[in-house]
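Trainee: Sequence plus predicted model, see below.
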Amino acid sequence: MGIVASQSFKNLISTYLGFLIGAINTLFLYIQFLGDEYYGMVGYMLSSAYIMMPLMAFGVHNTLVKFYSTFKTRIALHSFLTLMLFLPLFIIIPLSFIGYLGYDTIGAYLSRENPMIKSYLVHIIITAIGLAYFEVFYAWAKVQMQTVFGNFMKEVFPRIGAMILLICLYFKLIDVKAFMLGLVCVYIVRMLIMQVYAFRIKLPIITFKKVNNLSAILKYSFLIIIAGSIATILLDIDKVMLGHYIPIEQIAYYSVAIFIAAVIAVPQRSMHQILLPLSAKYLNEKDFDSLKDLYKRSSLNLFIISGFIFLLIVLNINQMYLLIDEAYRVGVSVVLIISLAKLYDALLGNNNAILFNSDYYSMVLFFGVILIVAMIFLNILFIPLYGINGAAIATFLAIFLYNSIKLFFVYKKFKMLPFSVNTLKIGACITLGVILFYFWDFSFHPILNIILKSTLIAILYGFVIYVFKFSENITELIDKVLKR
């Protein structure tokens with residue numbers, strides 16, 4: 001776990017830095033400087049681009065990680081890497097051409113409820129291309145076990161760019177249209193910087209030779225387009241569908257709630273960057289003992305860390321919403337519902353990495369297609385009834401079902417479960433914490449209330465985790481901190 005602990009810790013710092021900057025943007029700057037309507041448009045634009053990203057990338061960011069360690073000769077490796085660089089263009093070029101020809105038809109369909117959406121279709125496509133090739137270049141670095149810089153670029157850079165643009169908008173250096181265009185440019189520049197970094201680690205040598213195992217690679221890439229899109233679609237389709245049913249400013253309220261709940265996923269996102277190539281390596285080498293150990297450790301550690309963040313958010317959520325515009329307080333229930341889904345995600349550890357890099361990825365695709373259909377149906381059912389709360393309920397049900405199926409499938413095929421007795425104990429601690437502290441607050445200013453309550457929770461939770469030694473890795477980490 002040495003390389004996992006080292007890079008996960010560095011990634012955790014950069015990811016939380018990104019979320020801190022994102023919190024300033026999301027909870028204050030966007031609300032004050034951009035306005036609800038355009039803020040909702042930003043959420044719709046980025047969500048649509050993220051949904052398109054796996055298709056634009058042709059699944060290459062997953063294919064590169066899965067197959068990289070199987071190529072042993074220099075020529076074979078460079079032929080494979082050349083294919084990975086050019087393969088996305090076989091989707092990007094025709095898809096962009098179709099978008100150009102059908103611009104009016106697509107725009108009319110998507111903008112029935114909110115006409116302004118049609119003006120930003122080009123922005124969505126260009127952003128999706130930037131996101132796609134960024135992930136390709138990031139995967140290029142991941143297979144060299146270098147994840148820290150890429151994680152910084154993924155989590156921090158776009159949020160700094162958005163902050164600068166928002167400040168320029170406030171001082172009237174740019175208008176709203178220039179802001180939207182500038183946001184697209186941020187993602188393109190990020191892609192180019194990641195390309196330079198990735199090529200400095202391993203410079204590509206363009207080699208148009210026959211690639212070994214080409215049919216398996218193309219099959220995997222084609223199928224992983226959908227399989228790799230499942231998580232993205234589950235998280236972003238709700239915002240896109242909200243645009244069809246409710247005024248676009250309510251997407252802003254929903255986006256703020258989703259952002260708050262997404263903080264729970266930060267440790268998982270940080271650790272996943274190194275868990276992905278390691279899981280692929282163990283699978284390719286058939287080292288199932290190491291894979292099982294990685295599965296259990298990643299689940300336990302993520303459950304402890306994400307459980308702590310879950311408590312901080314859920315137990316302080318009412319005070320947090322007192323600090324922002326009153327209109328946004330309709331999102332409290334959304335935060336609670338999505339927070340539970342994020343905590344369940346963390347509990348699965350490197351489950352996704354195992355499935356996407358195993359020989360059973362086609363089954364994940366099968367389950368995923370069914371779940372996307374269910375997700376769309378649930379949104380159609382619940383959004384008209386409950387608005388943004390309905391979208392949250394639909395997302396929770398879909399993620400719960402999807403994760404449960406993946407958990408069962410890994411157990412069936414690999415005879416591995418990530419749980420232990422300590423998992424139950426940690427779950428009991430989290431549940432007890434919610435029962436004891438949710439309905440109790442200090443009678444102070446919200447900021448002081450949040451600080452005092454969070455400090456008390458941190459002390460009690462940390463004490464329990466350390467004294468009962470639920471996790472060897474976290475106990476060792478606390479010991480090091482205490483000695484210093």
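Mentor: Sure thing, it's come through. Numbering: from 1, shown residues only.

Trainee: Give me the residue ranges of the chain where confidence is low.
Mentor: 1-8, 110-115, 226-236, 273, 484 (pLDDT under 70).

Trainee: domains in it, as residue ranges please.
Mentor: With domains defined by automatic domain parsing, the chain comprises 1-218, 229-479.

Trainee: Let's have those in TSV, adding mean neighbour count.
Mentor: Bear in mind the C-beta positions are built from the backbone N, C-alpha and C, glycine included. Shown next, in TSV, are the domains of the chain (neighbours: other C-beta atoms under 10 Å):
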stretch	mean neighbour count
domain 1-218	18
domain 229-479	19
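
Trainee: can you give me the helices in the stretch 201-350 of the chain?
Mentor: Listed in chain order, the helices of the stretch 201-350 of the chain (DSSP state H, counting those that start in this stretch) span 214-227, 230-245, 249-262, 266-284, 288-321, 332-347.

Trainee: want to throw the ones you listed into JSON lines with distance to Lys413?
Mentor: Output for these, formatted as JSON lines (distance: least, C-beta to C-beta, whole Å):
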{"stretch": "helix 214-227", "distance to Lys413": "15"}
{"stretch": "helix 230-245", "distance to Lys413": "18"}
{"stretch": "helix 249-262", "distance to Lys413": "30"}
{"stretch": "helix 266-284", "distance to Lys413": "11"}
{"stretch": "helix 288-321", "distance to Lys413": "11"}
{"stretch": "helix 332-347", "distance to Lys413": "19"}
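
Trainee: So which of these is nearest Ile376?
Mentor: Of all the helices of the stretch 201-350 of the chain, it is helix 230-245 that lies closest to Ile376, at 6.9 Å by C-beta to C-beta.

Trainee: Give me the residues contacting stretch 415-433.
Mentor: Here stretch 415-433 makes contact (C-beta atoms under 8 Å, 6 or more residues apart in numbering) with 291-292, 295-296, 298-300, 303-304, 307, 310-311, 315, 343, 347-349, 351, 407, 410-411, 457, 460-461, 464-465, 468, 470-471.

Trainee: just checking, what packs against the helix or strand encompassing Leu165?
Mentor: Using DSSP states H and E, Leu165 maps to helix 157-170. Contacts defined by 3 or more C-beta pairs under 8 Å, 6 or more residues apart in numbering; DSSP states H and E place helix 157-170 against helix 2-24, helix 176-201.

Trainee: what about it, distance to the chain center?
Mentor: 21 Å (C-alpha atoms, centre = their mean, to the nearest Å).

Trainee: okay, the angle between it and helix 176-201?
Mentor: With axes from the mean of the first three to the mean of the last three C-alpha atoms, to 10 degrees applied, the angle from helix 157-170 to helix 176-201 works out at 150 degrees.

Trainee: contacts for helix 157-170?
Mentor: Residues contacting helix 157-170 (C-beta under 8 Å, 6+ apart): 18, 21-22, 24-25, 29-30, 32-34, 174-176, 179, 182-183, 186-187, 189-190, 193.

Trainee: 6 Å instead, please
Mentor: If you take C-beta atoms under 6 Å, 6 or more residues apart in numbering as the criterion, helix 157-170 is touched by 18, 21-22, 25, 29, 33, 174, 179, 182, 186, 190.

Trainee: Closest one of those residues to Gly107?
Mentor: Nearest to Gly107 among these is Phe179, at 20.7 Å by C-beta to C-beta.

Trainee: could you list every residue that touches that closest one?
Mentor: By C-beta under 6 Å, 6+ apart, the neighbours of Phe179 are 165, 169.

Trainee: and it, how far is that from Gln144?
Mentor: The gap separating Phe179 from Gln144 is 36 Å, by C-beta to C-beta, to the nearest Å.

Trainee: if we look at stretch 124-131, which residues are touching it?
Mentor: Taking C-beta under 6 Å, 6+ apart as the rule, stretch 124-131 contacts 45, 48-49, 52-53, 56, 92, 99, 184, 187-188, 191.

Trainee: on that earlier part again, so which of the helices and strands packed on helix 157-170 comes closest to Ile478?
Mentor: Of the helices and strands packed on helix 157-170, nearest to Ile478 by C-beta to C-beta is helix 2-24, at 13.2 Å.

Trainee: just checking, next helix/strand downstream of that closest one?
Mentor: Toward the C-terminus, helix 2-24 is succeeded by helix 36-57 as the next helix or strand (DSSP H and E).

Trainee: could you give the angle of that next one to helix 157-170?
Mentor: 150 degrees.

Trainee: From the contact counts, what lies against helix 36-57?
Mentor: Here helix 36-57 touches helix 121-142, helix 230-245, helix 249-262, going by 3 or more C-beta pairs under 6 Å, 6 or more residues apart in numbering; DSSP states H and E.

Trainee: And the next helix or strand past that helix?
Mentor: Following helix 36-57 toward the C-terminus (DSSP H and E): helix 60-67.

Trainee: That next one: how far from the chain's middle?
Mentor: Chain-centre distance of helix 60-67: 18 Å, with C-alpha atoms, centre = their mean.

Trainee: likewise stretch 313-325?
Mentor: Taking C-alpha atoms, centre = their mean, one finds stretch 313-325 lying 23 Å from the centre of the chain it belongs to.

Trainee: what's next to that stretch, contact-wise?
Mentor: By C-beta under 6 Å, 6+ apart, the residues outside stretch 313-325 that reach it are 27, 31, 329, 332, 335, 339, 437-438, 446, 449-450.

Trainee: if we go to 7 Å?
Mentor: With contacts defined as C-beta atoms under 7 Å, 6 or more residues apart in numbering, stretch 313-325 is touched by 27, 31, 260-261, 263-264, 328-329, 332, 335-336, 339, 434, 437-438, 441, 446, 449-450, 453-454, 457.

Trainee: Check which element follows the host helix or strand of Ile370 along the chain.
Mentor: Using DSSP H and E, Ile370 sits within helix 361-386. As assigned by DSSP H and E, the chain's next helix or strand after helix 361-386 is helix 388-414.

Trainee: What helices and strands are in contact with that next one?
Mentor: helix 230-245, helix 249-262, helix 332-347, helix 351-356, helix 361-386 (3 or more C-beta pairs under 7 Å, 6 or more residues apart in numbering; DSSP states H and E).

Trainee: out of the ones you listed, nearest to Val481?
Mentor: Closest of the helices and strands packed on helix 388-414 to Val481 is helix 332-347, at 22.0 Å (criterion: C-beta to C-beta).
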